[in-house]
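Asker: Give the three-dimensional model of this entry:
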Amino acid sequence: MFEFITPELLALVGIGFAAQLIDGALGMAFGVVSMSAMLMLGMPPAQASAVVHTAEIFTTGASAASHIYHRNVDWRLVTRLGIAGVAGAVLGAWIVSNLDGGAVRPFVSLYLCAIGVFILFKAMRNPPLRDAPAPWVAPVGFVAGFLDASGGGGWGPVATSALVGSGHAPRTAVGSVNTTEFFVTSAAATTFFVELGASPLPSVAALVAGGVIAAPFGGWLVKHISPRALMIMIGALILALAAWQLARSFKLL
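Answerer: I've put the predicted structure just below:
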């Protein structure tokens, strides 16, 4: 059985662990990091996105259980994000399976740059936090789900940044976004299965193995990090991811 364990698969286990640890603590990065690794290994974009979303069914399920256990979830946010996010994910998965849906991503990256700076600014001021979901949470969920399925990453950066930037508590924003991601990812993976067939099992299993090992730590970390420190880390990560996406869009990387 060991002859099937290749350096590429071992690398994907490590990538899955690191990506899920970041994703569970800050509400983003699993899809972006994993998708990038797949593309570097030469996998076609649609197939890479399908593999990532299939693996995320298991990793997001484990991450959601961790956040629920540590009481990081606002179920009002989950409901509003989830219904719209599932609809956006189905549409995005269909588009990337049949059309080129990547033209909008540079504009999203510019938006994330602005949001990242705004979150860092708010973190320095230590503003009061919202007690109830903002009225535009559902549209954010739709856009985030669409971008995530069409580009292999985007749910966390868009959804988490919008919630934190608008004053939602970082802890419940991260926990709710991670929990909702299970439903959004399941919808996207099902659409990819219908359009493209089953994903390569070894690649999926490697990502799942690394991600599931790391998932329990995310809920614990976000529970013990102060809101201000969490906002600073989220803002910095958003800026880094947006800069990386812009560099890719303009073929600088």
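Asker: rest of the way, CA atoms for contacts and neighbours
Answerer: Will do.
Asker: and the next element down the chain from whichever strand or helix holds Thr185?
Answerer: Here Thr185 is covered by helix 170-196, with elements defined by DSSP states H and E. Heading C-terminal from helix 170-196, the first helix or strand you meet, by DSSP H and E, is helix 201-224.
Asker: If you count neighbours, what's buried in whatever helix or strand comes next after that following helix?
Answerer: Beyond helix 201-224 in the direction of the C-terminus, DSSP H and E gives the next helix or strand as helix 227-249. By neighbour count with 16 or more other Cα atoms under 10 Å, helix 227-249 contains the buried residues 227-228, 230-239, 241-243, 245-246, 249.
Asker: what about Pro44, how many residues close to it?
Answerer: Neighbour count for Pro44, taken as other Cα atoms under 10 Å: 12.
Asker: OK, contacts around it?
Answerer: Remark: with contacts taken as Cα atoms under 8 Å, 6 or more residues apart in numbering, Pro44 is in contact with nothing.
Asker: What separation is there between it and Gly16?
Answerer: When Cα to Cα, to the nearest Å is the yardstick, Pro44 and Gly16 sit 19 Å from each other.
Asker: picking that back up, report the angle between the helix holding Thr185 and helix 227-249.
Answerer: Angle of helix 170-196 versus helix 227-249, following axes from the mean of the first three to the mean of the last three Cα atoms, to 10 degrees, is 30 degrees.
Asker: How much space separates Ala29 from Trp155?
Answerer: Taking Cα to Cα, one finds Ala29 at 9 Å from Trp155.
Asker: When these two are compared, which one has more neighbours?
Answerer: Looking at Ala29 and Trp155 with other Cα under 10 Å, you find the greater number of neighbours at Trp155, namely 34 against 24.
Asker: I figured that one was touching Asp148, is that so?
Answerer: Yes: contact between Trp155 and Asp148 holds when scored by Cα atoms under 8 Å: they sit 5.0 Å apart.
Asker: Show me what the one helix or strand Ile57 maps to is packed up against.
Answerer: Assigned by DSSP H and E, Ile57 belongs to helix 45-69. With contacts defined as 3 or more Cα pairs under 8 Å, 6 or more residues apart in numbering; DSSP states H and E, the packing partners of helix 45-69 are helix 30-40, helix 137-151, helix 170-196, helix 201-224.
Asker: pLDDT on that helix, on average?
Answerer: When pLDDT is averaged along helix 45-69, the result is 82.
Asker: and what of stretch 224-234?
Answerer: pLDDT averaged over stretch 224-234 equals 80, rounded to a whole number.
Asker: That stretch: how far from the chain's middle?
Answerer: Here stretch 224-234 is found 18 Å from its chain centre; the criterion is Cα atoms, centre = their mean, to the nearest Å.
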